[in-house]
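[1] Turn this into a model:
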Amino acid sequence: MIEHRPFASLGAVSSDWLKARLHFRVGNIGRADHAPLGALHVLNDDEFAPHSGFGLHPHRNVEIVTWVRSGAITHEDDAGNQARLVAGSLQVMSAGAGVHHAERNAEAVPARLFQLWLTPRTMGGAARWAARCCSQASREGKFVTLASADPNDIGAGALPINANARVRLATLRESTRIVYPLPASTVAYLVTDHGAVNVGDVRLEAREGAVIRDESAVSLEANKDTDVLLVELTTGADAID
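    All right, here's what the predicted structure looks like:
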């Protein structure tokens, strides 16, 4: 089953510096039926205005995955980590028992990103932070794993997360078609950055999402050049060990 979430159906936040679309309900913002999916409870499509962003603020017991789509953001936390993350970069932060961090756009142009919040498999512990780049060439016509709890994925270059999830990314050129198998006991959420793609018989335009349930594989065909983010969420006995 493929459940389409059109862009117009998403919750919205707008201020003088932040424009966000919420693929999942946050507080009282968004539709009640846009409930958490497995460990995934936030997937926000954010745009930071130039010279703006979040100052130091706390998190605990959450895994935060950020994919920078255009522009750049600057990360800082009270564990001493600092980095400027350009388009094509991924950041993973395990808040653990507690961490303060800031996320700012220090540039003269807007920054666009997808940010995911995942429920940890185990609570507490030390905070962790890591970042990596993922070149466009490495993901042409196929999914690459950006972040995962699976040791095999981590050994192949994925950033580690403490959640029953894998975050994957593919770049699909117009008319490219791939069939992607989904492991047993997996639900998934797929979102497009730009362009358009058919997910089975459902067409997704730019920045739209789809919940994928009870499917052993998903067929994707790009109508226009696009980047596709796929979050696999494992449940039950098949949860990642």
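[2] Can you pull the phi and psi angles for the residue nearest to Asn61 when sequence neighbours are not counted?
    Nearest residue to Asn61, sequence neighbours excluded (CB to CB, 6 or more residues apart in numbering): Met123, at 5.0 Å. Backbone N, C-alpha and C define where each C-beta goes, glycine included. As for Met123, its main-chain torsions (degrees, to the nearest 10) stand at phi -90, psi 160.
[3] And for Met123, the neighbour number?
    Met123 has 12 neighbours, counted by other CB atoms under 10 Å.
[4] Equivalent analysis for Gly71, please.
    Per other CB under 10 Å, the neighbour tally for Gly71 reads 20.
[5] Which pLDDT value goes with it?
    Reading off the confidence values, Gly71 has pLDDT 98.
[6] distance between whatever helix or strand Trp67 lives in and the chain's centre?
    For Trp67, the host element (DSSP states H and E) is strand 63-70. Distance of strand 63-70 from its chain centroid, counting by CA atoms, centre = their mean, to the nearest Å, is 6 Å.
[7] again with stretch 25-43
    Stretch 25-43 sits 14 Å away from the centroid of its parent chain (CA atoms, centre = their mean).
[8] And the contacts of it?
    Contact with stretch 25-43 is made by 5, 9-13, 22-24, 44, 63, 114-121, 163-165, 187, 189, 191, 209, 211, 231, 233-235, as judged by CB atoms under 8 Å, 6 or more residues apart in numbering.
[9] In strands, which of those residues fall?
    5, 11-13, 22, 44, 63, 114-118, 165, 187, 189, 191, 209, 211, 231, 233-234 (DSSP state E).
[10] are any of those buried, and which?
    The neighbour count (16 or more other CB atoms under 10 Å) marks 5, 11, 22, 44, 63, 114-118, 165, 187, 189, 191, 209, 211, 231, 233-234 as buried among those.
[11] Pass me the low-pLDDT residue ranges in this structure, would you?
    236-241 (pLDDT under 70).
[12] OK, contacts around Thr171?
    So Thr171 contacts Gln136, Arg139, Glu140, Gly141, Asp225, Thr226, Asp227, Val228 (CB under 8 Å, 6+ apart).
[13] I meant Ala158, not that one.
    With CB under 8 Å, 6+ apart, Ala158 has these contacts: Thr145, Leu146, Ala147, Ser148, Asp150, Arg166.
[14] Without its sequence neighbours, what residue ends up closest to the residue nearest the centre of the chain?
    Residue closest to the mean C-alpha point of the chain, counted by CA atoms, centre = their mean, is Leu116 at 4.5 Å. Nearest residue to Leu116, sequence neighbours excluded (CB to CB, 6+ apart): Val65, at 4.4 Å.
[15] How about that neighbour: which residues does it bridge to?
    Val92, Leu116 (DSSP bridges).
[16] what's the neighbour count on it?
    25.
[17] just checking, it touches Ala130?
    No: in this structure Val65 lies outside contact range of Ala130 using CB atoms under 8 Å: 10.5 Å.
[18] Kindly check the end-to-end length of stretch 204-211 for me.
    12 Å (CA to CA, to the nearest Å).
[19] Pull out the buried residues from that stretch.
    Applying 16+ other CB under 10 Å to stretch 204-211 flags Leu204, Arg207, Glu208, Gly209, Ala210, Val211 as buried.
[20] what sits against the closest residue to Gly55 other than its chain neighbours?
    Leaving aside its chain neighbours, Gly55 sits nearest to Ala102 (5.3 Å; criterion: CB to CB, 6+ apart). Applying CB under 8 Å, 6+ apart, we find Ala102 in contact with Gly53, Phe54, Gly55, Leu56, His57, Thr74, His75, Glu76, Asp77.
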